[in-house]
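Visitor: A predicted structure for the sequence below; I have some questions about it.
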Amino acid sequence: MITKRIKKNICNTIVGKNIVIWSVVMLLLWAALFPLHETSQSISFVFVGMIILAVLILMSYVYGCKEYRKFTKRIVSVEAFNQEVFQTYKHFSLSNQWLVYHKGNEFVPFLRQNIVSIYFDGKKFEGNVIYTGALDELFACCYGRLPYRSLRFDFEYYDKPDYQGHSVVNYTVSEDYTRITEFKYLTGQQADGTTIVKEYPFAYSGAEGEIPYYAILNEENQSLYEKYKALTGKYPNMHLLGRLAEYKYYNIDAMTEKALELTKELLK
């Protein structure tokens, strides 16, 4: 719905921009045609300049009203989505203060508004939202991507009863991989052969198929995370939970405890 206040803001924005542009053009032309010391000595030059400026303001207003009518015909929604500002998931979306209009088949951001909403399956959602995904990707990495460490898993089978004699062995500096897991020691299965997996770390880039496993914790990255966290302040019913949403390392017991605490808080 396009309210009178929004229409007024649109018109004022267009007119204001054009007044500034034409005023700068007029001043540049005036400075070029009349030296500064001469204009200051001649009242007539000042009077002429004021008339020119008034004419330009009137032209700007007429042009602004024309553009206003043109834009309002193409505006589709006060709360439409601007992909440059935030991420839209399959079922979950954030409206982040942009009024848009159609340009061909695309949405074009036009005027920023103080309107924020959460949508679920295309409908405005007023309940609590517990977000557990990567916080930077929710806002389309508008401040830059938060660094994470991802992993590549290489599975190997050996036709022998044992590979390392333990379920998990960690390697900190001696190998390219950081961990080997031998599954038969976790399941207790009896088999002539054995399957292992080696974990190779690499920097998460956001490419399809990659998973951000571990936040890279330092002051610079924490400062970047706080900027993203501040954006969620516009959504009072949004709660951040988990390694990705909180940009922290949690063991499963600590994460379970925190999830239960949040549940109790929301049920009060």
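Guide: Structure's in. What do you need? Being a predicted model, the structure only gives us computed values, none of them experimental.
Visitor: Could you list the low-pLDDT ranges of the stretch 1-150 of the chain?
Guide: Within the stretch 1-150 of the chain, the segments meeting pLDDT under 70 span 1-49, 53, 56-57, 60-61, 63-116, 121-122.
Visitor: 80 instead?
Guide: Applying pLDDT under 80 to the stretch 1-150 of the chain flags residues 1-125, 140.
Visitor: With adjacent residues omitted, what lies nearest to residue 214?
Guide: Once flanking residues are discounted, residue 214 sits nearest to residue 149: 4.3 Å by Cβ to Cβ, 6 or more residues apart in numbering. Every residue, glycine included, has its C-beta placed from N, CA and C.
Visitor: who does the one you found bridge with?
Guide: Applying DSSP bridges to residue 149 gives these bridge partners: residue 203, residue 214.
Visitor: OK, contacts around it?
Guide: Contacts for residue 149 (Cβ atoms under 8 Å, 6 or more residues apart in numbering) come out as 201, 202, 203, 204, 212, 213, 214, 216.
Visitor: got the buried residues for stretch 189-201?
Guide: Within stretch 189-201, the residues that count as buried by 16 or more other Cβ atoms under 10 Å are 194, 196, 198, 199.
Visitor: Between these, which sits nearest residue 181?
Guide: Closest approach to residue 181 among the buried residues of stretch 189-201 (Cβ to Cβ): residue 196, at 6.5 Å.
Visitor: name the helices or strands packed onto whichever strand or helix holds the closest one?
Guide: Secondary structure from DSSP states H and E places residue 196 in strand 194-203. Identification of packing neighbours for strand 194-203 by 3 or more Cβ pairs under 8 Å, 6 or more residues apart in numbering; DSSP states H and E yields strand 148-158, strand 179-182.
Visitor: Most tightly packed of those?
Guide: Counting by mean count of other Cβ atoms under 10 Å, strand 179-182 has the highest mean neighbour count of the helices and strands packed on strand 194-203, with a mean of 19.
Visitor: thinking again about what came up before, from the contacts of residue 149, pick the one nearest residue 137.
Guide: Of all those, residue 212 has the smallest distance to residue 137: 8.6 Å, by Cβ to Cβ.
Visitor: So that closest one versus residue 167, what's the distance?
Guide: According to Cβ to Cβ, to the nearest Å, residue 212 stands 25 Å off from residue 167.
Visitor: more crowded one of the two?
Guide: Between residue 212 and residue 167, counted using other Cβ atoms under 10 Å, the more crowded position is residue 212 (23 against 13).
Visitor: picking up where we left off before, with pLDDT and distance to residue 157 added, can I get the buried residues of stretch 189-201 in JSON lines?
Guide: What follows is the buried residues of stretch 189-201, written out as JSON lines (pLDDT from 0 to 100; distance: Cβ to Cβ, whole Å):
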{"residue": "194", "pLDDT": "94", "distance to residue 157": "7"}
{"residue": "196", "pLDDT": "96", "distance to residue 157": "8"}
{"residue": "198", "pLDDT": "97", "distance to residue 157": "12"}
{"residue": "199", "pLDDT": "96", "distance to residue 157": "17"}
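Visitor: need the helices for the stretch 151-268 of the chain, in chain order.
Guide: Per DSSP state H, counting those that start in this stretch, the stretch 151-268 of the chain carries helices over the ranges 184-187, 219-231, 243-246, 252-267.
Visitor: Compare the ones you listed and report which one is nearest to residue 132.
Guide: The nearest among these, by Cβ to Cβ, is helix 243-246 at 5.2 Å.
Visitor: How about residues contacting that closest one?
Guide: Applying Cβ under 8 Å, 6+ apart, the contact partners of helix 243-246 are 131, 132, 133, 134, 135, 212, 214, 215, 240, 249, 250, 255.
Visitor: Not counting its neighbours along the chain, what's nearest the fifth one?
Guide: Closest residue to residue 135 apart from its sequence neighbours, by Cβ to Cβ, 6+ apart: residue 228 at 4.6 Å.
Visitor: Brilliant, that's me finished.
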